[in-house]
Every structure is written in structure tokens, then in C-alpha cells.
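Participant: test case, fold it:
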Amino acid sequence: MTVPAESTSVTNTPRMSAPSPARVAALDRLARQAGRFPDLEFVDMGVAPTADGIALDARDVSLARAIEHTVAHRWMTLTAIARACIDRRWENVDSRVQAALLAAGAQLFLFGNVADHAVVDDTVEWSKGKGHRGAAGFVNAVLRKMIDLRGDFVEGADAAPRVWRDRRDLVPLADGRAMRLKRPVFSDDRVLRVAEAASVGEDLLLHWINSAGQDLAFSRAVHSLRPAPTVISGVPEQAVLPGAPFTSNLTPHSDPGSFVWNGDHSSLIALLTAYPEARVQDSASAQPMRLADSLRPKLILDACAGRGTKTRQLAALHPTAEIVATDVDGARLRALALAFVDHPQVKVTTPEGLRRIVGQVDLLVLDVPCSNTGVLSRRPEAKYRFNRARLDSITAVQRDIVEEHRPFLTPNGSVLYSTCSLEPPENLAQAQWAAGRIGRRVARTEVREPRGMPGEPDSAYADGGFGALISPA
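Facilitator: Here you go, the predicted structure:
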């Protein structure tokens, strides 16, 4: 994703070619999401976008994904800008037209080196036949108003969060700058204004204010503005020696043992192939597993293994242990099995296949499903769907998982419980409940607030999360 820069002005040159396949692919996918807000589903980003069913080349895939990612991250910001440029209620605008305005707005306000006329022409062309008969004309008129709304860029103290959270005409940017608009677009209400400018759901922001205080709530909202870097853990020493093949692509992270990856995707795959012990894993995700580093388990059950990142970490931390890994999701379980084919320590099985180890597990690892509020830069859809009812629902699921798996423990077995959430009901309160339920105590905890604000180096970035080691007294 590129940083904002002044764009080429709109021209009235007649269109001479079809719309960009990248923009068509992004618009097609966003059109399927626009009517769902706040229940967005951007969890399929591993699926390469296509235009009219035709695969895109690498450059177009990159642009399509950048458009979709940016809209997902800044949905509320872009909606506020578009709403200020229309003469009707946003809710009354056809969802496909909403998608067109949000996708174009992302490029016009949040991208750099993008020609305005290309964005407008492609978006208008795509809009023909979408929604009502006048959709293309409406989109064209609104986009020109949006372009006229842009002002200059401000940086440093003039772009600080303490400034833009009290202004209705400043759009905070991922690189620490802000764009000054020619007229106000954000809400008069301070909480809703911050929610719109940072694109965080109002329910979530209010929840944070009530549970953690306004300063920490606003800090979390600001953190969510910046894109998350690719962080690599488990990199062996020989991979970072002078002259090693991937040294130039690895920047030391502020957390020892982690590196920021700055190479392309194909080179990353080559690194992971060359060094199987290396894994894409944020330092906050890696830390909870280290809470059990003093234990010497013979049998570990990784019951919510996902695609196996923490499973691989457990194998490195406990090289003499047998590890059984599973997941209830069929797609993740298939990926897990493929990742650990012929692994000397890890055995992947279905949940039904766990019956053979009831009462034999020394370390039960529960990296449970959660609200994802510690990883909003990676899971932007979680910013909008949060509410108290869903929090209560997910905590109930977490307790069900504890209940379902506690029979696997030996009498002296321990539980390693972790989430990528910032919410106390999912974290310490849940760990304490689990400890009481299985007759253990909370021996160690790890609580992490997100780090690394817009404009700070990638090496300062970290997700938020929680971990607890629950052991016999």
C-alpha cells in the first residue's frame, strides 16, 4: 500500500480503453460487501481477485488487494467523506454505488501516485449498469466533489492525534501525516468524530472508553490506522549472518528474536522453505507460548491450532515433546495436515481422533477464538462488528472450549490460554474462571497493548494480546 501524495488532476479526455482489471476485481468484491456493513467478511484475502473470472497478473493483484484492504481499514472514514458530497442519505444509496464511491475515495485520498482521471474513469465505467440507470452519472458527479474537497497535507505536530481528534476537517493517514479538507466532514460529537476519523466502530470505542479510559481508547484507535508489517519469528542465526541470502530483507524488530520482512512474497516463501523453523508471527503472538518455557511436557495438545504457527513454535520450544494438533475448521485442518506432513514431533488429527489421548496431556494449549481487538490492523473487519452481545457470545464459546478439553489433562497438567484480544472478559477473567473450573491457579500472565503508531518504524510495531499459564498449585 502506497503512502498519500498529490494526485494528477482530472481531465475530460474521452475513455479509450476498458477499465483497469485490478479496479474491476476490487469493485466486484467490494460490491458484495457494501450491503453487509458492519458485518464485513474480508477473511478470504488469500483468494486472488479476478476480473470477470480471469486471473490477474501480479501487478493487478497487488493493486486490487491494496484497494480492498484500504477500504476495509478506512470504511467509516471514507463513508464520512462520501456522505459529505451527496445530496441524499447514505443509507439510501445503492450498495454497489456505495462500493464504487468507497473504492475511488480510498485511491483519491489515501493512495499516492494515482491519476485522478484514471480512478474516476474506471469507476464510472464500472458503475454503468450497476444500480439505477443514472448510477454512472451520480458516481461521476460525487467523485468530482470529493476531489474538490481535498486540501493540503500537514505533518509533525499539526498532524498529531491530539490535533485531529478535535478537528472535523483533518483525515489522519497511516504514515503519521494528515490531509486537511476544504470543509468539515466528521461528526460534531467527539467520540463519533474519532470513530469516523480512525475508522473504529462506535460501539468498540465507547466500550474501550468505559473499560480502559479515554486516553487508552484513543491510543488503540490511532494504532489501528497503520498497516501491520510482516514479522518473522524463529529465524536461525545463520539466516542473518553477513552475506546470507535473505539478510537484506530482514530488519531487526524491537522485540528480540523477531524481524520485519521487507522483501517480496516469492522471496518470503523461499526463506520459509530454506528455514522451516522460521514462521510469520508477530512478537505479541509469540510471547504467550513462552510462558510455559520452564515446563517439560511429554505430550502437548494444541487444540485450536489454526494453520500451525504456534504449533511450530511449540515444537521449537519443547523439542522432546510429542505434539498433537487439531482444529474444528475443515479448511484450516487440511492446511495444518499439509504443513506437518512427516514432521517428527507433530501429529495432526481430527477432533474426533483426540479420544486416544484423554487424560494424557501434560500441556493443553488453547489459543481460542476471540474478538480480535488486539489485531485490528490485521483484521479490520473486527473494528466494526464489535458489540456487547457478541463479546458475551464469544466468551461463552471460550468457556465451552475449556470445558470440552479439560478431560484431556493429566492430574498435574497445565493449560496455556491465549487470545489476540484486549478485552478483560476474554482474558484474565476467563483465565481465572478456567483455573477454578479445572482446579488450577493462574501462575503467569502476559498482557500486551498494541505498539507502533502511524509514522513510527515497522520495527516498533506489535499487536496486542493476552496469555496465561494455568498450572497446579
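Participant: report the rounded mean pLDDT for stretch 332-349.
Facilitator: Per-residue pLDDT over stretch 332-349 has a mean of 95.
Participant: what lies in contact with that stretch?
Facilitator: 305-308, 311-312, 315, 319, 321-327, 350 (CB atoms under 8 Å, 6 or more residues apart in numbering). In this view, the C-beta of every residue, glycine as well, is placed from N, C-alpha and C.
Participant: cool, and stretch 70-83?
Facilitator: 1, 26, 30, 37, 40, 42, 90, 98, 101-103, 105-107, 109-111, 142, 146, 149, 171, 181, 185-187, 195-201, 224-225, 227, 377, 380-381, 384.
Participant: apply 7 Å and report the result again.
Facilitator: Outside of stretch 70-83, the residues within contact range by CB atoms under 7 Å, 6 or more residues apart in numbering are 1, 30, 37, 40, 42, 90, 101-103, 105-106, 109-110, 142, 146, 149, 171, 185-186, 195-197, 199, 380-381, 384.
Participant: what about the residue most central in space within the chain, which SS state?
Facilitator: The centroid of the chain falls nearest to residue 378 when counting by CA atoms, centre = their mean (1.3 Å). On the three-state scheme (DSSP: H, G, I helix; E, B strand; the rest coil), residue 378 is labelled coil.
Participant: residues contacting it?
Facilitator: Residues touching residue 378, when contacts are defined by CB under 7 Å, 6+ apart, comprise residue 228.
Participant: map the structural domains onto the sequence of the protein.
Facilitator: The record's domain split for the chain, according to automatic domain parsing, is 21-199, 229-281, 283-471.
Participant: measure residue 176 to residue 187 for me?
Facilitator: Relative to residue 187, residue 176 is positioned 23 Å away (CB to CB, to the nearest Å).
Participant: neighbour count winner among the two?
Facilitator: Higher neighbour count among residue 176 and residue 187: residue 176, with 19 against 16, using other CB atoms under 10 Å.
Participant: tell me if I'm right that the more buried one and residue 455 touch.
Facilitator: Yes. Counting by CB atoms under 7 Å, residue 176 sits close enough to residue 455 to count as a contact (2.1 Å).
Participant: so what sits against both of these two?
Facilitator: Counting by CB under 7 Å, 6+ apart, residue 176 and residue 455 have no contacts in common.
Participant: quick check: the gap between residue 265 and residue 280.
Facilitator: Residue 265 is 11 Å from residue 280, where distance means CB to CB.
Participant: so for these two, which residue has more residues nearby?
Facilitator: Neighbour tally, residue 265 and residue 280, criterion other CB under 10 Å: the higher count belongs to residue 280, 16 against 11.
Participant: tell me the contacts of the more buried one?
Facilitator: Residues in contact with residue 280 (CB under 7 Å, 6+ apart) are 230, 232.
Participant: tabulate the CA atom coordinates of stretch 423-435 in CSV.
Facilitator: Once side chains and other backbone atoms are set aside, the C-alpha atoms of stretch 423-435 remain, and they are given as CSV (Å, rounded to 0.1, in the frame of the first residue of the first chain):
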residue,chain,number,x,y,z
GLU,A,423,-10.9,-7.3,26.5
PRO,A,424,-10.6,-8.4,30.2
PRO,A,425,-13.7,-10.6,30.0
GLU,A,426,-11.9,-12.7,27.4
ASN,A,427,-8.5,-12.6,29.1
LEU,A,428,-7.7,-12.5,32.8
ALA,A,429,-11.3,-13.1,33.9
GLN,A,430,-11.6,-16.1,31.6
ALA,A,431,-8.2,-17.5,32.8
GLN,A,432,-9.3,-17.2,36.4
TRP,A,433,-12.6,-18.9,35.6
ALA,A,434,-10.8,-21.7,33.8
ALA,A,435,-8.3,-22.1,36.7
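Participant: give me the phi and psi for residue 465.
Facilitator: Per-residue torsions, residue 465: phi 170, psi -170 (degrees, to the nearest 10).
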